[in-house]
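**Q** quick one, what's the 3D model for this:
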Amino acid sequence: MGHKFAEIAFTDNVREMQQVQGSRSGYARMESAADYNDRLVLLK
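**A** As a prediction, this is how the structure comes out:
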């Protein structure tokens, strides 16, 4: 899951503050979107 950090960092209190500050809908879209950049690779 590429957005696992949101599951950890966005507690109920954080989501409430996002709502108050008007950013919740954007974060909700990000959380429900398809994962991307979810693999670690070795770059040479």
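**Q** end-to-end on stretch 34-41?
**A** Chord length of stretch 34-41, first to last residue, is 19 Å (CA to CA, to the nearest Å).
**Q** may I see the buried residues of it?
**A** Using 16 or more other CB atoms under 10 Å as the test for burial, stretch 34-41 gives no buried residues. Every residue, glycine included, has its C-beta placed from N, CA and C.
**Q** and what of stretch 15-26?
**A** 18, 24.
**Q** export that stretch as CSV, just CAs?
**A** Extracted in CSV, the C-alpha atoms of stretch 15-26 (Å, rounded to 0.1, in the frame of the first residue of the first chain):
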residue,chain,number,x,y,z
ARG,A,15,-8.6,14.1,9.9
GLU,A,16,-10.8,16.5,12.0
MET,A,17,-8.2,19.2,11.7
GLN,A,18,-7.9,18.6,8.0
GLN,A,19,-11.7,19.1,7.8
VAL,A,20,-11.6,22.3,9.8
GLN,A,21,-8.7,23.7,7.6
GLY,A,22,-10.4,22.6,4.3
SER,A,23,-7.8,20.1,3.2
ARG,A,24,-9.7,16.8,4.1
SER,A,25,-11.3,16.3,0.7
GLY,A,26,-7.9,16.3,-1.1
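**Q** give the rounded mean pLDDT of that stretch.
**A** For stretch 15-26, mean pLDDT rounds to 97.
**Q** what's the closest non-adjacent residue to the residue nearest the centre of the chain?
**A** For the chain, the residue lying nearest the average C-alpha position, counting by CA atoms, centre = their mean, turns out to be Ala6 (3.6 Å). Of all residues not flanking Ala6 in the chain, Glu31 sits nearest, at 5.1 Å (CB to CB, 6 or more residues apart in numbering).
**Q** cool, thanks, signing off.
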